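Undergrad: Sequence and computational prediction follow.
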Amino acid sequence: MSKSPGHQKWPDHQVREEPLRQPMEAEVEGMVVASSADVIKVVEDKSPVRYYFPRTDVRTDKLKRSQTTTECPFKGTASYYSLNVGERQLDDAIWSYEDPYDEHQALKGRMAFYDEKFPEIHVRPKS
């Protein structure tokens, strides 16, 4: 893609990526919707900790791409997905940077969960 305008404009802002050594899972109302031993933990200044799962380890059959996108000046444009859980749909519960800025290419093809917006989503170490 290109260099992040956010990192250029605010060089002190930290976005740290850390590959985890332990398997993680995302669960919603008793259903595991993601499970992986290849998760990247992202710690960003002034933001909640995020866990990015490889798309191949997410139950994409439970997702529907929405029209929502957002722009992060550090990571790029995020595309959102709604999550279908039984009869319920959690709108824009998951996002992905499909073409992230150069500094965050490790996030390409990964998905994160909006767990503080939806308390029924639990992202934690796999037991």
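TA: That came through, no problem.

Undergrad: what does the helix or strand of the chain with the lowest mean pLDDT rub up against?
TA: Lowest mean confidence among the helices and strands of the chain (mean pLDDT, DSSP states H and E): helix 5-9, at a mean of 93. Taking contacts as C-beta atoms under 8 Å, 6 or more residues apart in numbering, the residues outside helix 5-9 that touch it are His13, Val15, Cys72, Pro73, Phe74, Tyr101, Glu103. All C-beta atoms are positioned from the backbone trio N, CA, C, and that covers glycine.

Undergrad: pretty sure Arg27 is touching Leu83, no?
TA: In this structure residue 27 is Glu, not Arg. No. Assessed by C-beta atoms under 8 Å, Glu27 is found out of contact with Leu83, at 11.5 Å.

Undergrad: Which neighbours do these two have in common?
TA: Common neighbours of Glu27 and Leu83 (C-beta under 8 Å, 6+ apart) are Val33, Ile121.

Undergrad: Same drill for these two, tell me which one is more crowded.
TA: With neighbours defined as other C-beta atoms under 10 Å, Glu27 and Leu83 compare such that Leu83 has more, 25 against 17.

Undergrad: Could you pull up the residues touching that one?
TA: By C-beta under 8 Å, 6+ apart, the contact list for Leu83 reads Val28, Val33, Lys62, Leu63, Gln89, Leu90, Ala93, Ile94, Ile121.

Undergrad: tell me the centre residue of this structure?
TA: Ala112 (1.6 Å; C-alpha atoms, centre = their mean).

Undergrad: secondary structure element for that one?
TA: Ala112 belongs to strand 110-113 when assigned by DSSP states H and E.

Undergrad: That strand - contacts with which helices or strands?
TA: strand 50-54, strand 88-97 (3 or more C-beta pairs under 8 Å, 6 or more residues apart in numbering; DSSP states H and E).

Undergrad: so which of these gets nearest Ser4?
TA: Nearest of the helices and strands packed on strand 110-113 to Ser4, taken as C-beta to C-beta: strand 88-97 at 11.2 Å.

Undergrad: I would like the residues contacting that closest one, please.
TA: Residues outside strand 88-97 that contact it (C-beta under 8 Å, 6+ apart) are 28, 55, 58, 63-64, 66, 68, 70, 72, 75-83, 104, 107-114, 117-118, 120-121.
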